[in-house]
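In: return atomic coordinates for the entry below.
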Amino acid sequence: MSPKKQSTALILSILLGYLGVDRFYLGYTVLGIVKLITGGGLGVWWLIDIILIATRKLNDSQGQALS
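Out: Sure thing, here's the model as predicted:
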């Protein structure tokens, strides 16, 4: 189980996901930078990440489920 919280990741994704903050929080630095540069993949990637985090389909960078 990851020390990172699912609720924190979800809030970050909703509020600042278009800047890649959620990916940085989960440890995906390169993806966070790409998401920041593309504005959350023009909003599409931002929405997909919200759905993935809300449904617990996205793990942290170590492959551990969010707590």
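In: residue contacts, residue 13?
Out: Each residue near residue 13 by Cβ atoms under 8 Å, 6 or more residues apart in numbering is listed here: 21, 22, 46, 49, 50, 53. C-beta here means a position set from N, CA and C on the backbone, and glycine is covered the same way.
In: just the CA coordinates of the helix or strand encompassing it, formatted as CSV?
Out: Secondary structure assignment for residue 13, by DSSP states H and E: helix 6-16. Output of helix 6-16 as CSV, limited to C-alpha atoms (Å, rounded to 0.1, in the frame of the first residue of the first chain):
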residue,chain,number,x,y,z
GLN,A,6,-6.1,8.6,-3.0
SER,A,7,-8.2,11.5,-1.8
THR,A,8,-5.2,13.9,-2.0
ALA,A,9,-4.4,12.7,-5.5
LEU,A,10,-8.0,13.2,-6.6
ILE,A,11,-8.2,16.7,-5.2
LEU,A,12,-4.9,17.6,-6.8
SER,A,13,-6.1,16.1,-10.1
ILE,A,14,-9.4,18.0,-10.1
LEU,A,15,-7.9,21.4,-9.1
LEU,A,16,-4.4,21.3,-10.6
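In: which ones among the contacts of residue 13 are found in helices?
Out: Cross-referencing the contacts of residue 13 against helices under DSSP state H gives 21, 22, 46, 49, 50, 53.
In: could you identify which of these has the most neighbours?
Out: Of all the ones in helices among the contacts of residue 13, the highest neighbour tally under other Cβ atoms under 10 Å goes to residue 22, namely 29 neighbours.
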